[in-house]
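Novice: okay, predicted coordinates and the sequence, questions at the end:
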Amino acid sequence: MKTNLGLCITLISLLESVYGTTWSEWWKYADGISGPEFWGLLNLEWTICTKGKRQSPVNIEPKRLVYDPYMKNIHIDQAHVGGWLLNNGHDIKFKIDDPAKPNSINITKGPLSYMYRVIDITIHFGSSDDLGSDHTIEGKSFPAEIQLTAFNSDIYANFTSAEVSPNGLTVIGILVQINEESTNREFEKLAQEFKRVKYKGNEVRVEDLSLHDLMPETYSFMTYEGSLTKPGCHETVTWVIMNRPIYISREHLESLRQAMTGDEENPNDPMANNNRPTMSLNRRTIRTNINFADPRPGCTMKKNLTYHANFPVLRSSISSDSYS
């Protein structure tokens, strides 16, 4: 095994020197020598991918959540932004225009002690309806997960500095479910352009996007300390997983599934299943602002956890966490 691995590293280094291939281009989500199992073995700068104890994503078990009464609602600025929807060969991503501009989008409160400035949105999705999300709920995966990535702008000057530093990043995870039609207008703005970013290197301009309105209609969430879900797996992320999915149409999901990891001349493989397998929790605590035992005074509906074990796909069977 060690001999074969050493041979692979030598070969990859040779390819890099001859063809200009870099580690950032070479890794994949799929199984094989470039897949998640080997990220931390093939590049010494990514060792934490293999040896880290706070890796992401994780499987969330509702019965093991710890209620934290001191956490406030998560806050996202309501400004609208423009940017580029693009295919980078690994993910479909929306990159926001210079986040230092006056209309930058900031995330505060919730489990966060600092202000975090959003830089991009990443979409993970599967080839079938039971695959796709990074995070799982009691072992069950969703067909997609949308992630808003932000860096700590109170302490660090940019994302590059923040991603390798303590309290550097936060990522908001929005799980996605299928409905007869999409119910989120902000997602629609992205979805109508998916066919134009089918191949690596494709990009298209998107204007007037509200990240606040992209969020599901809930203030409840789960949170834990983890890592990026791609190389180099830096353990600098405060994860926030919202306690309600957004709903997209099958048509839009199928448009995503047409995306390829290569360019138009060499399409390579479908991008679908661009999610990392769940990692061990390693005694970490997943906290929540959901108080299961104490509904708010005057309410007729107890505040519930939306995600339950063996949850059905149908929207009508998912419980509500809203109040009267």
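Specialist: Looks like it came in fine. Numbering: from 1, shown residues only.
Novice: contact partners for residue 110?
Specialist: Neighbour list for residue 110: 71-75, 221, 223, 240, 289 [criterion: Cβ atoms under 8 Å, 6 or more residues apart in numbering]. Quick note: C-beta positions are derived from backbone N, CA and C, even for glycine.
Novice: again, but for residue 263
Specialist: Residue 263 neighbours (Cβ under 8 Å, 6+ apart): 199-201.
Novice: just curious, which of those is nearest to residue 83?
Specialist: residue 201 (16.6 Å; Cβ to Cβ).
Novice: leaving out sequence neighbours, find the closest residue to that closest one.
Specialist: Leaving aside its sequence neighbours, residue 201 sits nearest to residue 263 (Cβ to Cβ, 6 or more residues apart in numbering; 5.4 Å).
Novice: which of the three states applies to that neighbour?
Specialist: coil (DSSP: H, G, I helix; E, B strand; the rest coil).
Novice: for it, give its distance to residue 213.
Specialist: 33 Å (Cβ to Cβ, to the nearest Å).
Novice: likewise residue 293?
Specialist: Residue 293 sits 32 Å away from residue 213, going by Cβ to Cβ.
Novice: give me the more crowded residue out of these two.
Specialist: residue 213 (15 against 7; other Cβ atoms under 10 Å).
Novice: the more buried one: which element?
Specialist: helix 211-214 (DSSP states H and E).
Novice: what's in contact with that helix?
Specialist: For helix 211-214, the external contacting residues (Cβ under 8 Å, 6+ apart) are 76-78, 81, 105, 118, 121, 146, 148, 174, 184-187, 246.
Novice: after it, next one along is what?
Specialist: Next along the chain after helix 211-214, taking DSSP H and E as the criterion, comes strand 221-226.
Novice: and that following strand, which strands flank it?
Specialist: Strand 221-226 has the following strand partners under DSSP bridges: strand 237-242 (antiparallel), strand 287-288 (antiparallel).
Novice: C-alpha coordinates for that strand, CSV please?
Specialist: Written as CSV, here are the backbone C-alpha positions of strand 221-226 (Å, rounded to 0.1, in the frame of the first residue of the first chain):
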residue,chain,number,x,y,z
PHE,A,221,-30.8,25.9,13.9
MET,A,222,-28.1,23.3,14.9
THR,A,223,-24.5,24.3,15.4
TYR,A,224,-21.1,22.7,15.9
GLU,A,225,-17.4,23.4,15.5
GLY,A,226,-16.0,21.7,12.4
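Novice: understood, closing this out.
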